[in-house]
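**Q** predicted model, plus sequence, below.
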Amino acid sequence: KMSQDAGSRDSFKSSSSTTPKLPSNGLSSTSWPAFMLADSSLPTGSFAYSSGLEVAFQMGFLRSPKDVEDFILAATQSTLQQQLGFIYQSHGLITLSDDQFLDNYHKLDQTLNSYLRTSSLTCEASVDNGLGLLRVAIAWAKNSDNTNAARKLKILRDSLEQNQGHLAPIWGIVTALMGITSQEEAGRLWGYTITRDMVSAAVRLNALGPLASLTILEQAQEIVNYCVE
């Protein structure tokens, strides 16, 4: 019996010492960057921005959970319809030469800035979140030994002046460099984060319960897919 037990232990050691390999086209290559960007703990500052929901709630415009739900869904759609094109255009810039890359990026950033200037808070939040994402992306590129991504992000950071660095164009660039090759997927992921941040703000304000927030996130999927497709 002791001999049998020893044989079983040796067999277990032999089988457990072999580390299974993930397929090259599985979660390790494509989906994982999306999971990282969707994580609310990513230190970009977006968690502190609620697309105006907090102000609307404090001023008494959102009197019921239905009001909060309508606000979140409408704000998600409005933001995507206004800025999704900037993500799509910037997503394709990484294949250009450095000079063309920067020239086209700054044209996008300046155009978006002209759209957002009517709301100083929205404009400032967009730049703050964009710079926060850029900072995190540079750290990611260095840690992952992605030299091309690190170089592109560094020259982008060094080219920015005050009030430059809006989130949408930087989101397109970062997602492309992280291996999210589909523009639509990059846009869909951004739509999720927009809804997620507003839902989180509503829960913190006790304007929604945690379970109700799941329903809104589910409903937002249809809106995001409509805008993306």
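**A** Here it is on my side, so go on.

**Q** mind listing what's buried in the helix or strand containing Glu54?
**A** With secondary structure defined by DSSP states H and E, Glu54 is part of helix 53-58. Using 16 or more other C-beta atoms under 10 Å as the test for burial, helix 53-58 gives Leu53, Glu54, Ala56, Phe57. Bear in mind the C-beta positions are built from the backbone N, C-alpha and C, glycine included.

**Q** report the two of those separated the most.
**A** Within those, Glu54 and Ala56 form the most distant pair, 7.3 Å apart (C-beta to C-beta).

**Q** Provide the secondary structure category for Leu84.
**A** At Leu84 the chain is in helix, as set by DSSP: H, G, I helix; E, B strand; the rest coil.

**Q** hey, which helix or strand in the protein has the poorest pLDDT?
**A** Least confident helix or strand, the chain: helix 2-16 with a mean of 44, by mean pLDDT, DSSP states H and E.

**Q** correct me, but Leu37 touches Leu177?
**A** No. Leu37 lies out of contact with Leu177 (C-beta atoms under 8 Å); the separation is 11.6 Å.

**Q** what strand or helix carries Ala125?
**A** Ala125 belongs to helix 120-143 when assigned by DSSP H and E.

**Q** quick one: buried residues of that helix?
**A** By neighbour count with 16+ other C-beta under 10 Å, helix 120-143 contains the buried residues 122-123, 125-138, 140-141.

**Q** quick check: the gap between Tyr49 and Ser114.
**A** According to C-beta to C-beta, to the nearest Å, Tyr49 and Ser114 sit 20 Å apart.

**Q** gap between Arg196 and Leu217?
**A** 7 Å.

**Q** among these two, which residue is more densely surrounded?
**A** More crowded of Arg196 and Leu217, by other C-beta atoms under 10 Å: Arg196, with 21 against 14.
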